[in-house]
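The sequence isn't on hand, but the structure is:
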């Protein structure tokens, strides 16, 4: 079973870079075992041609069972239940031993419930937010996700752009409202959330700008389509050293016996409330998990 090493869960588990790889590409899957990504997503959906989907399912399941992915979180993206392959994908995924199964185009709570029934109760479920319907149902999807054991949302920006028929520039202005609302809904229901892919593979400067935007919006990390994007995403979504140092200062101040029970402190001239303590501890946990993984 290809499970990752013990790390803090939820928001404290590093998911800076989530690399999609075609489930039909044996060489790419083998290479993924050595890449510096936090998450490997073996894809049975968009990157696999219809005539190759059955074979890709078998290859991906075999790779998951073989393991060897180390501390990387291993996720299998299945085809939708409205396709000829979805039900069989989910049946196979339930017993394969992936860290999670990623289901596409969840537009309603009923979709999430259907994926959970088909997958079974034990395997963690992730869902894609990639339709206009989903954007207008974010709060309901969040409640359903919490109820059905969904741990993470992944934004499918390409599908959303296609459905919106919008013109997307470097600032992603048409998508920003949906991106921000998705982050708010995810946080409101205790979910992790990953930004969509960047399509221009050689444009690393553009990728860096989009990663910075995603980090500013509050995403945990970014889904990616090429190994050359990993370093940029890992850097953008890693806690900044000065932020970690400040988090440690805040935690130490609240942990001091003289401050026991206090709700507000003055730390190095700055007013800090106890509500900041949870975020400080999360940031410290993320930094320590990254250091342990990269060390």
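All right, it came through fine. Being a predicted model, the structure only gives us computed values, none of them experimental.

residues touching residue 87, list them.
When contacts are counted by C-beta atoms under 8 Å, 6 or more residues apart in numbering, residue 87 touches 81, 118. Heads up, the C-betas are built off the backbone N, CA and C, glycines and all.

Check for me that it belongs to a helix.
Yes: counting by DSSP: H, G, I helix; E, B strand; the rest coil, residue 87 is part of a helix.

so how far is residue 94 from it?
To residue 94, residue 87 is 11 Å away according to C-beta to C-beta, to the nearest Å.

try residue 36
Counting by C-beta to C-beta, the gap from residue 36 to residue 94 is 29 Å.

again with residue 109
As judged by C-beta to C-beta, residue 109 and residue 94 stand 21 Å apart.

Could you do residue 50 as well?
Taking C-beta to C-beta, one finds residue 50 at 23 Å from residue 94.

okay, these two: which has more neighbours?
The neighbour comparison of residue 50 against residue 94 (other C-beta atoms under 10 Å) goes to residue 94, with 16 against 10.

give me phi/psi at the most centrally placed residue in the chain?
In the chain, the centroid-proximal residue (C-alpha atoms, centre = their mean) is residue 194; its distance is 3.9 Å. Per-residue torsions, residue 194: phi -120, psi 140 (degrees, to the nearest 10).

and the closest residue to it other than its chain neighbours, what are its bridge partners?
Excluding its sequence neighbours, the residue lying closest to residue 194 (C-beta to C-beta, 6 or more residues apart in numbering) is residue 154, at 4.7 Å. Note on residue 154: beta-bridge partners residue 128, residue 194, judged by DSSP bridges.

now swap in residue 273 and tell me
Under the criterion used (DSSP bridges), residue 273 bridges to residue 264.

any idea how far residue 265 is from it?
8 Å.

What of residue 70?
For residue 70, the distance to residue 265 - C-beta to C-beta - is 40 Å.

try residue 13
For residue 13, the distance to residue 265 (C-beta to C-beta) stands at 28 Å.

Kindly report the same for residue 128.
Residue 128 sits 42 Å away from residue 265, going by C-beta to C-beta.

More neighbours: these two, which one.
Neighbours per residue, other C-beta under 10 Å: of residue 128 and residue 265, the larger number sits with residue 128, 24 against 17.

pLDDT wise, what is the more buried one at?
pLDDT recorded at residue 128 is 98.

from memory it sits against residue 156, does it?
Yes: counting by C-beta atoms under 8 Å, residue 128 does reach residue 156; the two are 4.6 Å apart.

which neighbours do these two share?
104-105.

can you map out the helices along the stretch 101-250 of the chain?
Assigned by DSSP state H, counting those that start in this stretch, the helices in the stretch 101-250 of the chain fall at 109-119, 132-135, 138-148, 157-164, 176-188, 204-217, 230-236, 241-255.

Report the angle between the fifth one and helix 157-164.
With axes from the mean of the first three to the mean of the last three C-alpha atoms, to 10 degrees as the criterion, the two stretches helix 176-188 and helix 157-164 enclose an angle of 130 degrees.

what's the answer for the last one, then?
Interaxial angle, helix 241-255 versus helix 157-164 (the same axes, to 10 degrees): 100 degrees.

And helix 241-255, how far out from the chain middle?
Taking C-alpha atoms, centre = their mean, to the nearest Å, one finds the center of helix 241-255 at 26 Å from the center of the full chain.

which parts of that helix are buried?
Residues of helix 241-255 classed as buried: 244, 246-247, 250-251, 253-254 (neighbour count, 16 or more other C-beta atoms under 10 Å).

and what of the second one?
Of the residues in helix 132-135, those buried by neighbour count under the rule 16+ other C-beta under 10 Å are 134-135.

which residues touch that helix?
For helix 132-135, contacts defined as C-beta under 8 Å, 6+ apart pick out 105-108, 129, 141, 160, 163-164, 178, 181-182.

Just the buried subset of those residues, please.
Burial by neighbour count, judged by 16+ other C-beta under 10 Å, picks out 105-107, 129, 141, 160, 163, 178, 182 from those.

Flag the shaky bits of the stretch 1-150 of the chain, pLDDT-wise.
The model of the stretch 1-150 of the chain has pLDDT under 70 over residues 1-11.
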